[in-house]
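3D, please:
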Amino acid sequence: MTGPATPLDRPFRFFDNREKYLLFVNTCSEKQVIAARVGRELDLVEPRPPAMRLFDAGMGDATVLSMVLRDMHHRWPTVPFLVVAKEISREDVRISLAKFADRLHEHPQMVIVITNLYYTEAPGLRPGRPEGQARLNWREVALDGTTAHEFAVQIDAQIDFVREGWRTVASPRTGNPQYVEPSVLVLYRADQRFVLDAVIPPRARAPMGAYDLAIVSQPYRARSPAATKVARVLAPLVRALAPGGRLIAIQSAGRDPGMEIIRAVWPDEDPFQTPRDVLIETLGDHLGDAARDFEIIDPPDAEFRFHLQLAPDEIGAAAGGIGTSTLLAAWNAAVYVAQIEDSRLTEAMTAGDYLNATRAVLARHDGLWFKNECFIVARRKDGR
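Next up is the predicted model:
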């Protein structure tokens, strides 16, 4: 049961709901497909000393990040990594922390930095305003020991810091969550401190940047205008790329069976109003003269699918009809991807036709799949 709102509460939005998100993540293959697509960008990245630098613009529960880090270790087992991950959700940070002990055990020479700073601030780990810089919560943790268990115990001990540092308040203008206090958590192995000296970002250093790869996967509300997505998210991260660095931007595309479910309930729904070609054009205009330092790429594999993961007998005559749990998982995935507000969702579920609409789409397509799209921005090697 939810109590009355407090000043630190954020507006409840379906697509931010923890339980719905976890159901989506665990029943759909999106995270695995995105990690594989990011891996194809790693083929084109050339790390330079002192480290391979990765920025994750929206870590979520770190499922994609942990898979990408495994891929990076396979490619560059002896190269130091600097991993900076932005995440505003306290719960996502809590869940993510549990995944880093194993990564630090397999790849000792790695620094993991988690921050709640805005997209315009996070690449440099520095709040934009002097008052924010003055109250920045910065914690550096050198993890003792050599085993994943030892690291996990010490990482778990940071939960109180996260609980306090990742408090949010709703923006009075947009309703989006904003940090109450800017916070940065830095994790690395104490036995690697000497080797990582040039990689660990000290608080007193001037703003950093120069990333070899930036992962920008579903970082904004689908219905936000292209100019907002570019100015507040894409352009700041593009400018933070190192020479030769690459940014991969991934978003939902629609035009799939998931949208058939949505339009069976809401015929005029159109959540995906800024397709990649619009973002590419808007980004080029926003960069202006600086665009000459970058190559904006619409790759041949720009569109890719992910699926609701079903057992072979969950749909069709062999299953005796589609089970309610399958229908609910499919419905959840469709409305999560389309970012349907909770008030509208409740109204539709009260009417009761949503399960029939979901059943019809699953039967028609023998399952459920969604379409994502991406584009790439690469800083030229001779770019500033």
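
Which stretches in the protein count as strands?
Using DSSP state E, the strands of the chain run over 52-57, 81-86, 110-115, 137-143, 168-170, 177-179, 183-189, 211-217, 241-252, 294-297, 303-307, 369-379.

And the helices in the stretch 1-150 of the chain?
Assigned by DSSP state H, counting those that start in this stretch, the stretch 1-150 of the chain shows helices spanning 18-27, 30-42, 63-75, 90-97, 100-106, 130-134, 148-156.

between the ones you listed, which one is nearest to residue 229?
Taking C-beta to C-beta, helix 30-42 is the member of these nearest to residue 229, at 18.0 Å. Quick note: C-beta positions are derived from backbone N, CA and C, even for glycine.

what does that closest one contact?
Helix 30-42 has contacts (C-beta atoms under 8 Å, 6 or more residues apart in numbering) with 24-25, 63-64, 67-68, 71-72, 75, 213, 215, 217, 246, 248, 250, 301, 304-306, 370, 372, 374, 376.

burial count for residue 239?
Close neighbours of residue 239, defined as other C-beta atoms under 10 Å, add up to 16.

start the count at 59, not 1, going forward
Shifting the count to begin at 59 puts that one at residue 297.

So it versus residue 324, what's the distance?
Between residue 297 and residue 324 the computed distance is 38 Å (C-beta to C-beta, to the nearest Å).

ok, now residue 218?
In terms of C-beta to C-beta, residue 218 sits 43 Å off from residue 324.

same deal with residue 151?
33 Å.

Neighbour count: those two, which is higher?
Taking other C-beta under 10 Å, residue 151 and residue 324 do not tie; residue 151 has more neighbours (27 against 15).

ok, the more buried one to residue 214 distance?
Distance, residue 151 to residue 214, using C-beta to C-beta: 12 Å.

How about residue 173?
Residue 173 is 19 Å from residue 214, by C-beta to C-beta.

is it true that residue 153 touches residue 121?
No - Residue 153 lies out of contact with residue 121 (C-beta atoms under 8 Å); the separation is 9.1 Å.

Give me the neighbour count for the nearest residue to residue 283 once chain neighbours are set aside.
The shortest distance from residue 283 to any non-neighbouring residue, by C-beta to C-beta, 6 or more residues apart in numbering, is to residue 332 (7.1 Å). Using other C-beta under 10 Å, residue 332 is surrounded by 19 other residues.

residues in contact with residue 332?
By C-beta under 8 Å, 6+ apart, the contact set of residue 332 is 280, 282, 283, 284, 287, 309, 340.

okay if I get the strands of the chain as TSV plus mean pLDDT and mean neighbour count?
As requested, the strands of the chain are exported to TSV (pLDDT from 0 to 100; neighbours: other C-beta atoms under 10 Å):
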stretch	mean pLDDT	mean neighbour count
strand 110-115	97	25
strand 139-144	97	24
strand 168-173	98	25
strand 195-201	97	16
strand 226-228	89	16
strand 235-237	90	19
strand 241-247	98	23
strand 269-275	97	24
strand 299-310	96	22
strand 352-355	96	16
strand 361-365	97	16
strand 427-437	97	21
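
Tabulate the ones you listed in JSON lines, adding columns for distance to residue 104.
Listed next are the strands of the chain as JSON lines, based on distance: least, C-beta to C-beta, whole Å:
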{"stretch": "strand 110-115", "distance to residue 104": "9"}
{"stretch": "strand 139-144", "distance to residue 104": "14"}
{"stretch": "strand 168-173", "distance to residue 104": "19"}
{"stretch": "strand 195-201", "distance to residue 104": "29"}
{"stretch": "strand 226-228", "distance to residue 104": "38"}
{"stretch": "strand 235-237", "distance to residue 104": "34"}
{"stretch": "strand 241-247", "distance to residue 104": "23"}
{"stretch": "strand 269-275", "distance to residue 104": "8"}
{"stretch": "strand 299-310", "distance to residue 104": "6"}
{"stretch": "strand 352-355", "distance to residue 104": "15"}
{"stretch": "strand 361-365", "distance to residue 104": "24"}
{"stretch": "strand 427-437", "distance to residue 104": "12"}
